[in-house]
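Visitor: structure of the sequence below:
(chains A and B)
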Amino acid sequence: MFDGILLGLETVLRLDSLLLVFAGCAAGTIIGMLPGLGPISAIALMIPITYGFDPANGMILLAGVYYGAIFGGSTSSILINAPGVAGTVATAFDGYPLAQQGHAGKALATAAWASFAGGTLAAVMLVLLAPYMADFAIGFQSPDYFALMLLGLSLVTAFAAAGQHLKALIMTCLGLMLSTVGTDLTAGVARFTFGQSDLIDGISFLLLAMSTFALSEALMMILRGVGADGTGSPAGSNPSANLLDKQSLSLAPAELKSIAPTISRSSVLGFFIGVLPGAGATIASFLAYGVEKNLANPSDRKKFGQGSLKGLAAPESANNAACTGSFVPLLTLGIPGSGTTAVLLGALIAYGIQPGPQLLVDEPRIFWSVIVSMYFGNIILLFLNLPLIPYIARLLFIPRTYLVPIIIFFSLTGVYLVSFNVFDLYLMIFFAIIALFLRLGDFPLAPLLLGFILGGMLEDNLIRAITLNDGQWHFLWQRGTTLILMLICILSLVSPLLLKLPTYIRKVSRLNG
Amino acid sequence: MVDNPLINNIYSKSSSIILLIIALGYGYLAQQIPLDFWSEEEAINARSLPYLLALTGSCLSFALVILSFLPRRNIQLEQDLPGQDQSTTAPTHDWRSLALILGLMVLFAISIELLGFLLSSSLFLVFGFYILGSRSPRSIFLTAIPLVLVIWLLLDTMGIYLAEGSLFAVNPVPPEAVTAAVRATELKGQ
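Guide: All right, here's what the predicted structure looks like:
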């Protein structure tokens, strides 16, 4: 492990790597701050830039973009009550009231310290846990992988928002369908290409990520209206950024002491929720907020929702810790636990790296440099971004009449510059329109991306497992690991129904009674 | 997501029907996948996963269609969260601007190889800003043109060559040739 950390330090402590960590954090903060654009859009927009990079440097930059975007999302939650990312919705509960009371600086400082502590504690846990998990997973065979991928997909739907389980399942299925476009792995025949030679290699994951997230989000902004003032900011929103110059961005020792236990608890909770495929930063932040509210004494509990520092620190440390935690299944099993890590997995594949337990053996430099870069990324976010926030926050007031066409332009050119193929642009527009209508119908799009990225690997492992078992399906229950994974998969699929059962029985008995 | 639950329900209903059609269409197209004689006899072939997905997708979409058409006594709003405005007023959608921007995107795709990156990008941004409501020519041009120039210079520095528009080229290279050259380079790289 120490050799690995030293290898990671050797890579990250080079000037170019440190600059990339800084650039990733800064770009992530800026993009994540823009309401509507989350880490998936931020990473998708940055991937074309990284294509010429060394894979380790590319991943370092993208990891920086990820936690930078979460940090940026907190800033817009606190300053204008418009969370840039779903994971920072809970941040607005107490962050925005604090800003309205004239404590925007204090709220931003609390968010920064909580994010730093959450991210750092989670990075330590990642170092301790990841190698053991990779060692365990190294014995996995194709049936186990097939079951693991099914589990990853089913957990995403199990953790979907209330009432969205069926929609999430359909989206996963649609993503898997899209992954079958192109040349088949076994017989080499073209599937669903409609005679188009441009589809023979399949659909590019960057194209799909960009069109379903960045581009469709920009189209959604247009559909909702960019606002009379062109800013799209909530009416009457307090331009707290103006106050920031005069305010101190620091916390008193007593305040730090009071939030320290909250940060520690929420970081551990956030990390382990992040490790679970499908859970992620949003669930972690809401859960941490709820736990801290329940643990608080009655006088402190009353302050939750009114501008409590604990209420702000809990979701902030939890969401950053969850981001780091989500790297555990990505780096050790090659299974993305969320839409964001699915995009990162796609980037790894695009760099020619085979993700999975072998990553630690075959590409230790990538494995360790990504982990070590997280420490430095958190330090950079704290000590460089915090003083720059008053200036970066002005981006929130860029008129959307300018911002939206620029986002569309970057999305289109980002894809075009990778393939130099106009067909990709038409395909992108088509997918963006479909994604827009799916958003209007309240369909979650992250499962679609996850299904698309895992689809190829899922089919590959299914074919291998069936071929090795003479065309029989008994591989699903022959190996202990496969059987356990399949059982958890089934349980996660039926759990939303089982959880609803008592409420349903109560309703029926009330109607009868 | 749309704030109004009634309108949201309409989108949900129509999307679920469209998804059912997609799943059924996918299943039909899966039957058209060409198979060798020996592949047909194998336990798993190029049609296996598509069949499985078509069946799953159709069942799930059908369930969603049924559920979305079931009468609901109360349309559930999302759980109230502190600090979140739960508006139930009908949202006004700017379909006109959306259609114009989509048209502009198609024109950008058509023009990028014809006019070249610099001109097509500048025109896209200028018209994009105008469609969305900017009316100051100074701001429009001073934002669009320097931005495109900076990106072009950055790409040039990174060694990414952007061919000039075929309209202005002395010996125009057909776009198909560029695509074929890129594909050949990719294959060589593999």
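
Visitor: tell me where chain B is predicted with low confidence.
Guide: Within chain B, the set of residues satisfying pLDDT under 70 comprises B:1-8, B:71-91, B:158, B:170-190.

Visitor: for it, what's the longest helix?
Guide: Secondary structure assigned by DSSP state H gives helix B:5-31 as the longest helix of chain B.

Visitor: now do the buried residues in it.
Guide: By 16 or more other CB atoms under 10 Å in any protein chain shown, the buried positions in helix B:5-31 come out as B:5, B:8-9, B:11-13, B:15-16, B:19-20, B:22-23, B:26-27, B:30. Bear in mind the C-beta positions are built from the backbone N, C-alpha and C, glycine included.

Visitor: which residue, neighbours along the chain excluded, lies closest to residue A:27?
Guide: Excluding its sequence neighbours, the residue lying closest to residue A:27 (CB to CB, 6 or more residues apart in numbering or on different chains) is residue A:65, at 5.7 Å.

Visitor: out of the buried residues of helix B:5-31, what pair is the most spread apart?
Guide: Farthest pair in those (CB to CB) is B:5 and B:30. Separation: 36.1 Å.

Visitor: lowest-pLDDT helix or strand in chain A?
Guide: Least confident helix or strand of chain A, by mean pLDDT, DSSP states H and E, is helix A:241-244 with a mean of 48.

Visitor: quick check: chain neighbours aside, which residue is closest to the residue nearest the centre of chain A?
Guide: In chain A, the centroid-proximal residue (CA atoms, centre = their mean) is residue A:340; its distance is 3.3 Å. Spatial nearest neighbour of residue A:340, excluding adjacent residues (CB to CB, 6+ apart): residue A:39 at 4.6 Å.

Visitor: ok, that neighbour - how many residues close by?
Guide: 32 (other CB atoms under 10 Å in any protein chain shown).

Visitor: from the middle of its chain, how far away would the longest helix of chain B be?
Guide: For helix B:5-31, the distance between its averaged C-alpha position and the chain's averaged C-alpha position is 17 Å (CA atoms, centre = their mean, to the nearest Å).

Visitor: what does the stretch 101-250 of chain A put close to chain B?
Guide: A:161-163, A:166-167, A:169-170, A:173-174, A:176-177, A:180, A:184, A:186-187, A:189-192, A:198, A:219, A:222-226, A:230, A:234 (CB under 8 Å from any CB of the partner chain).

Visitor: which of the residues you listed are buried?
Guide: Among these, those buried by neighbour count (16+ other CB under 10 Å) are A:166-167, A:169-170, A:173-174, A:176-177, A:180, A:184, A:187, A:189-192, A:198, A:219, A:222-226, A:230.

Visitor: which of those residues fall in helices?
Guide: Among these, the members found in helices (DSSP H) are A:166-167, A:169-170, A:173-174, A:176-177, A:219, A:222-224.

Visitor: that older thread, got the contact list for the residue nearest to residue A:27?
Guide: Taking CB atoms under 8 Å, 6 or more residues apart in numbering or on different chains as the contact definition, residue A:65 lies against A:24-25, A:27-28, A:31, A:39, A:42-43, A:46.

Visitor: one more time with 7 Å, if that's ok
Guide: Under the criterion of CB atoms under 7 Å, 6 or more residues apart in numbering or on different chains, the contact list for residue A:65 reads A:24, A:27-28, A:42-43, A:46.

Visitor: need these in JSON lines with neighbour count, secondary structure and pLDDT, can you?
Guide: Shown next, in JSON lines, are the contacts of residue A:65 (neighbours: other CB atoms under 10 Å in any protein chain shown; DSSP: H, G, I helix; E, B strand; the rest coil; pLDDT from 0 to 100):
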{"residue": "A:24", "neighbour count": "30", "secondary structure": "helix", "pLDDT": "89"}
{"residue": "A:27", "neighbour count": "22", "secondary structure": "helix", "pLDDT": "86"}
{"residue": "A:28", "neighbour count": "30", "secondary structure": "helix", "pLDDT": "86"}
{"residue": "A:42", "neighbour count": "32", "secondary structure": "helix", "pLDDT": "83"}
{"residue": "A:43", "neighbour count": "31", "secondary structure": "helix", "pLDDT": "87"}
{"residue": "A:46", "neighbour count": "25", "secondary structure": "helix", "pLDDT": "84"}
